[in-house]
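Chemist: Fold the following for me, if possible:
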Amino acid sequence: VTGIATLSTHAVYTRSKQKQESQLFLLGFRTPQQINAVFQSDSKWGGLAYNYTSGINLTDPANFYVRAYSDALNEADAEGLQWRTDLDLDTGDGLFKSIKAGFRYASRSTDFRSGSRLANVDSLRLAMTSFPGGNDPEIFEGAFRGDDVSVPKTWVQYRGTLLGDPTNRAALNAYFASLPAATNSAAFASPLPAFDPTLAFQGDERSYAAYAQTKYGVDFGGDVRLEGVVGARIVNTELAIKGTQVRRLTTPSGVTFTYTPLDKRQNYIDVDPSVSAVLHFGRNAQLRAAWTKTFSRPDFSQLNPSI
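Modeler: Here you go, the predicted structure:
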């Protein structure tokens, strides 16, 4: 701080690593079920209400078989740097009361990897008790709360805590690896799913911004005065994306997918002006007007070409 000028600067660096594992047991009814459905049943929100006409016990594992099992692995590394410098100049009591100017630098990058695998065991119609940990299922209760729609709210499922247990997961992998090849058993020879190269994504973005604004004020006598702020910001953004673009094409012979590697770079400039004015009529009345142009950047997840 020197006299009427104030200079400040600030920088922040962040780095993160994320790893997410998920598993899914998909169950099916051993015998086809018929439902009685009522549409728009909730007194406030509407919605579908239904029940099974057979009165089947949804908490009995014997009424179900395992249709499929899948697991997925997502990993992401990210880092970012934000640096700002601001100069605030007090210009006194003239038309322009103060002037502010500054510089901004921001960078962010990500490296995303993902993989999944699915064992389709529908044709085997295996009971849940055939699988490691399957003889200790849990009853899920209290689903679909918050309205008065009548739907089944309790059912049996594979115990969730076992899906996250490393020992039990290794036993599940060994079991699925021993099943017939048609179930995709070979994919479960490894402890975790292999990363899919077509789902990999890398993004790097850097932006440079400068701004300036001035606060003005005019007294018209008495309690009438005009004040406000006029300014503008200019932003230069550099963006680099690497990934694979996946396109789904439906033809008379079926559905096909095309995979196109992408390595794209883009540079663009935004100019964002802003103007505000407040006209005071005494102490209890004022007229306010403002105009601002701004923009927001998408998350990297929205830029992934494989989605």
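
Chemist: In three-state terms, how would the closest residue to Asn135 other than its chain neighbours be classified?
Modeler: Sequence neighbours aside, Thr129 is the residue nearest to Asn135 in space, at 4.8 Å (criterion: C-beta to C-beta, 6 or more residues apart in numbering). Yep, even glycine has a C-beta here, placed from its N, CA and C like the rest. Of the three states, Thr129 takes helix under DSSP: H, G, I helix; E, B strand; the rest coil.

Chemist: Tally up the residues packed near Thr129, please.
Modeler: 13 (other C-beta atoms under 10 Å).

Chemist: What separation do you get for it and Pro61?
Modeler: 7 Å (C-beta to C-beta, to the nearest Å).

Chemist: Equivalent analysis for Asn168, please.
Modeler: Using C-beta to C-beta, we find Asn168 at a distance of 17 Å from Pro61.

Chemist: now do Pro273
Modeler: From Pro273 across to Pro61, the span is 66 Å (C-beta to C-beta).

Chemist: ok, now Val156?
Modeler: 5 Å.

Chemist: Give the residues shared as contacts by the two.
Modeler: Taking C-beta atoms under 8 Å, 6 or more residues apart in numbering as the contact rule, Val156 and Pro61 both touch Met128, Pro137.

Chemist: For Arg169, which three-state class applies?
Modeler: Here Arg169 is recorded as helix under three-state DSSP.

Chemist: for it, what are its contacts?
Modeler: Residues counted as contacts of Arg169 (C-beta under 8 Å, 6+ apart) are Gln23, Asp71, Leu163, Pro191.

Chemist: mind listing the strands for the protein?
Modeler: For the chain, strands defined by DSSP state E occupy the ranges 5-29, 35-38, 49-52, 64-90, 96-120, 138-140, 155-157, 201-221, 224-251, 254-281, 286-292.

Chemist: and the fourth one, what's its mean pLDDT?
Modeler: Average pLDDT, strand 64-90: 95.

Chemist: can you check the second one too?
Modeler: Rounded to a whole number, the mean pLDDT of strand 35-38 is 88.

Chemist: Could you do stretch 257-271 as well?
Modeler: Mean predicted lDDT for stretch 257-271 stands at 91.

Chemist: Please list the residues outside that stretch that contact it.
Modeler: Defining contact as C-beta under 8 Å, 6+ apart, one finds that stretch 257-271 is touched by 198, 232-249, 293, 295, 305.

Chemist: worst-scoring helix or strand of the protein, pLDDT-wise?
Modeler: helix 300-303 (a mean of 82; mean pLDDT, DSSP states H and E).

Chemist: what separates that helix from the chain centre, distance-wise?
Modeler: Averaged C-alpha coordinates place helix 300-303 at 9 Å from its chain's average position (C-alpha atoms, centre = their mean, to the nearest Å).

Chemist: so what does it touch, helix or strand wise?
Modeler: Counting contacts by 3 or more C-beta pairs under 8 Å, 6 or more residues apart in numbering; DSSP states H and E, helix 300-303 packs against strand 96-120, strand 201-221.

Chemist: Can you tell me which helices and strands the last one packs against?
Modeler: To tie it back to what came earlier, the one meant is strand 201-221. Using 3+ C-beta pairs under 8 Å, 6+ apart, strand 201-221 is in contact with strand 96-120, strand 224-251, helix 300-303.

Chemist: So which bits of that strand are buried?
Modeler: Neighbour counts over strand 201-221 (16 or more other C-beta atoms under 10 Å) mark 201-207, 209, 211, 213-216 as buried.

Chemist: Mind listing the strands it pairs with, and their directions?
Modeler: Sheet pairing for strand 201-221, assigned by DSSP bridges, gives strand 96-120 (antiparallel), strand 224-251 (antiparallel).

Chemist: Could you save those as a markdown table and add columns showing distance to Ser16 and mean pLDDT?
Modeler: Shown next, in a markdown table, are the strands paired with strand 201-221 (distance: least, C-beta to C-beta, whole Å; pLDDT from 0 to 100):
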| stretch | distance to Ser16 | mean pLDDT |
| --- | --- | --- |
| strand 96-120 | 9 | 94 |
| strand 224-251 | 20 | 92 |
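
Chemist: Return the most buried member of those strands.
Modeler: Ranked by mean neighbour count, those are led by strand 96-120 with a mean of 17 (mean count of other C-beta atoms under 10 Å).

Chemist: Centroid-nearest residue for the chain?
Modeler: In the chain, the centroid-proximal residue (C-alpha atoms, centre = their mean) is Ser301; its distance is 6.6 Å.

Chemist: I'd like the distance between it and Gly243.
Modeler: From Ser301 to Gly243 the distance is 12 Å (C-beta to C-beta).

Chemist: now swap in Pro273 and tell me
Modeler: Counting by C-beta to C-beta, the gap from Pro273 to Gly243 is 35 Å.

Chemist: for Pro132, same thing?
Modeler: To Gly243, Pro132 is 37 Å away according to C-beta to C-beta.
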